[in-house]
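Enquirer: need a 3D model of the following:
(chains A and B)
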Amino acid sequence: MRLSRYFLPVLKETPSEAQIASHRLMLRAGMIKQASAGIYSWLPLGFKVLRKLENIVHQEQMRAGHIPMLMPTIQSADLWRESGRYDDYGEEMLRIRDRHDRDMLYGPTNEELITDIFRAHVGSYKDLPLTLYHIQWKFRDEIRPRFGVMRGREFFMKDGYNFDLTKEDALHSYNRHLVSYLRTYERMGLQAIPMRADGGPIGGDYTHEFLVLADTGESEVFYDSEITDLRFGEREIDYDSVEQCQAVLEEFTSRYARTDETHDEAIFNEVPEARRRSARGIEVGQIFYFGTKYSEPMDATVQGPDGKPVPVHMGSHGIGVSRLVGAIIEASHDDHGIIWPEGVTPFHAGIVNLKQGDAEADAACDALYASLTALGLEPLYDDRDERAGGKFATMDLIGLPWRITVGPRGLKNGVVELTSRKTGESEEMPPEKAIEKIAEIYAPHHRMVAVEPMVQRSFHTWL
RNA sequence: CGGGGCGUGGCGCAGUCUGGUAGCGCACCUGUUUUGGGUACAGGGGGUCGUAGGUUCGAAUCCUGCCGCCCCGACCA
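Expert: Modelled structure (predicted):
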């Protein structure tokens, strides 16, 4: 993309409503614009990041054998009356009336809808196990939205639902989700720690929240510092293997890590004092196993081998995709702006032309742009007729991990400058060498994408 | 919802106390100049001062209602 043809309304000054770094930087980098309290338009740069995160979530879900679909944002009140939550949910649910005076609502979550779909089409234990998910906008009329997209009223969330014949099967689904979530967050450059949590209104005996440590987080957390050394990494895993998934769960949840809701001082004190930590965290996901809590009242059963109806065991799992944009920035920025992890950056490299209009510099930039594009990478080329300082400041603000600077002085020696946003270190090298290095840097991320999703258990395909 | 604060060009603000017909910086447009970390100069466009009503010869400014937004708290992916 050429910056002169893009829409990137960056701000030099910070709008006064923004309190925390991620909100300030998202506004300044032209990623979002507030439409009303807790509701945002996603401008091109922000939308690009949101889509990248969405794609990573899709890839990792499908890799785990989960099946994508899409449910509507607007739902009928009838199903919610059936589950009993129409009255229970309270003011947080946005209620709407259509022209025929029917009670509708903007979905805050989808347990009712998915259960309705399930009971209409699944009748046999042979159809299990099944995990369906979608990534869709939700609305919760928060009392006080704040922190930009971190606590919006409208938010983009992946929510998935597993249906299993037995509790054992459902717990394997639970473990499988834990593994897939670990992979997902790591690909986004985040360390999200699974912590024992409270079931809340969704309920459930087993539940973990995934938290990214950050001073601006809204949750208070307590953990054994050893847990921060754990990495899922590039290891291979068979998602159908009960043992393998169970082993990962044990590895990542055996050390103390809890939110304030479930914190137990007595158990915490068994952790050696030097490793005890209390901090703040941003909740970016949660997984639940809740058994037959919805399947029984809503009559979601399958016929077992003996021909008798059995209520299915269910769990649900969520990743706050729009919140993750903020969480990643909270975890990765400096005084100059955002620093995107390589896996989620909106553009792979910035090209800065220090002498726009100079035939040699223009030609060199065009060549770099074409080469990177041919490699399947997306460069952002600052071809505006602006002073160097302004170009650098913009690149720093929007946080692309790598920048190639082209100027007449370097071109005399046949070199360009490759700069890391993270370290600020620059190295001079011939243009082809710079392209090679960038291709190497992004190769692992492209490999992750290229891994085939495991064979799925149904005829559904992802288009 | 309780407590606090704020609405003045796209953004950041001054002006409000003490009424006299709107200003500064950034951004934007034109020209010249400059370009290796937010160039300099000159000229220019853009605001019914959130909104409705009231007081007054006269309201951004005083009074009343309403709307919106932000911060602290209870609640949440």
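Enquirer: tell me the buried residues in stretch A:82-90?
Expert: A:83, A:85-86, A:89 (16 or more other Cβ atoms under 10 Å). Just so you know, the C-beta spots here come from the backbone N, C-alpha and C atoms, and that holds for glycine as well.
Enquirer: from those residues, pick the one nearest RNA strand B.
Expert: A:Tyr89 (10.3 Å; Cβ to the nearest atom of the strand).
Enquirer: could you check the pLDDT of that closest one?
Expert: We have a pLDDT of 84 for A:Tyr89.
Enquirer: pretty sure it contacts A:Ser83?
Expert: No: the pair A:Tyr89 / A:Ser83 is not scored as a contact, 9.8 Å apart, by Cβ atoms under 8 Å.
Enquirer: neighbours around the closest residue to RNA strand B within the stretch 201-350 of chain A, how many?
Expert: For the stretch 201-350 of chain A and RNA strand B, the shortest gap (Cβ to the nearest atom of the strand) falls at A:Gly320, measuring 3.0 Å. A:Gly320 has 26 neighbours, counted by other Cβ atoms under 10 Å.
Enquirer: mind listing what A:Asp127 touches?
Expert: A:Val302 (Cβ atoms under 8 Å, 6 or more residues apart in numbering).
Enquirer: confidence score at it?
Expert: 94.
Enquirer: how about A:Phe459?
Expert: Reading off the model, A:Phe459 has pLDDT 34.
Enquirer: kindly report the same for A:Ile202.
Expert: Per-residue pLDDT puts A:Ile202 at 53.
Enquirer: how near is the residue nearest to the spatial centre of chain A to A:Phe155?
Expert: For chain A, the residue nearest the mean C-alpha position is A:Val321 (4.0 Å; Cα atoms, centre = their mean). From A:Val321 across to A:Phe155, the span is 8 Å (Cβ to Cβ, to the nearest Å).
Enquirer: what of A:Thr216?
Expert: Distance from A:Thr216 to A:Phe155, counting by Cβ to Cβ: 17 Å.
Enquirer: neighbour count winner among the two?
Expert: A:Phe155 (22 against 18).
Enquirer: tally of neighbours for A:Ala120?
Expert: Residues near A:Ala120, counting by other Cβ under 10 Å: 9.
Enquirer: contacting residues for A:Asp358?
Expert: A:Pro408 are the contacts of A:Asp358 under Cβ under 8 Å, 6+ apart.
Enquirer: A:Glu60 reaches A:Arg187, doesn't it?
Expert: Yes: contact criterion Cβ under 8 Å: A:Glu60 and A:Arg187 qualify, at 7.1 Å.
Enquirer: who's more crowded, those two?
Expert: A:Glu60 (25 against 22).
Enquirer: now do the one helix or strand that one maps to: which elements does it pack against?
Expert: Using DSSP states H and E, the element containing A:Glu60 is helix A:44-63. The elements that helix A:44-63 packs onto, with contact taken as 3 or more Cβ pairs under 8 Å, 6 or more residues apart in numbering; DSSP states H and E, are strand A:67-68, strand A:130-139, strand A:154-164, helix A:167-187, helix A:321-331.
Enquirer: pick the most buried one from these.
Expert: helix A:321-331 (a mean of 26; mean count of other Cβ atoms under 10 Å).
Enquirer: nearest spatial neighbour of A:Glu432, skipping sequence neighbours?
Expert: Excluding the flanking residues, the one nearest A:Glu432 by Cβ to Cβ, 6 or more residues apart in numbering is A:Ser371, at 7.7 Å.
Enquirer: can you count the residues close to that neighbour?
Expert: Number of residues near A:Ser371 (other Cβ under 10 Å) recorded here: 18.
Enquirer: wait, isn't the residue of the stretch 201-350 of chain A closest to RNA strand B in contact with A:Gly285?
Expert: Yes: using Cβ under 8 Å, A:Gly320 is in contact with A:Gly285, at 6.6 Å.
Enquirer: export the helices and strands packed on helix A:44-63 as CSV, with columns for distance to A:Val415.
Expert: As requested, these are exported to CSV (distance: least, Cβ to Cβ, whole Å):
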stretch, distance to A:Val415
strand A:67-68, 46
strand A:130-139, 44
strand A:154-164, 43
helix A:167-187, 33
helix A:321-331, 33
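Enquirer: and of the ones you listed, who's closest to A:Thr394?
Expert: Closest of these to A:Thr394 is helix A:321-331, at 16.5 Å (criterion: Cβ to Cβ).
Enquirer: just to revisit the earlier point, just put the helices and strands packed on helix A:44-63 in JSON lines and tack on mean pLDDT.
Expert: Output for those, formatted as JSON lines (pLDDT from 0 to 100):
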{"stretch": "strand A:67-68", "mean pLDDT": "94"}
{"stretch": "strand A:130-139", "mean pLDDT": "96"}
{"stretch": "strand A:154-164", "mean pLDDT": "96"}
{"stretch": "helix A:167-187", "mean pLDDT": "96"}
{"stretch": "helix A:321-331", "mean pLDDT": "96"}
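Enquirer: out of these, flag the one nearest A:Gly148.
Expert: Proximity to A:Gly148 (Cβ to Cβ) singles out helix A:321-331 among the helices and strands packed on helix A:44-63, at 5.8 Å.
Enquirer: from the contact counts, what lies against that closest one?
Expert: Short answer (3+ Cβ pairs under 8 Å, 6+ apart): helix A:321-331 packs on helix A:21-28, helix A:44-63, strand A:154-164, strand A:206-213, strand A:276-291.
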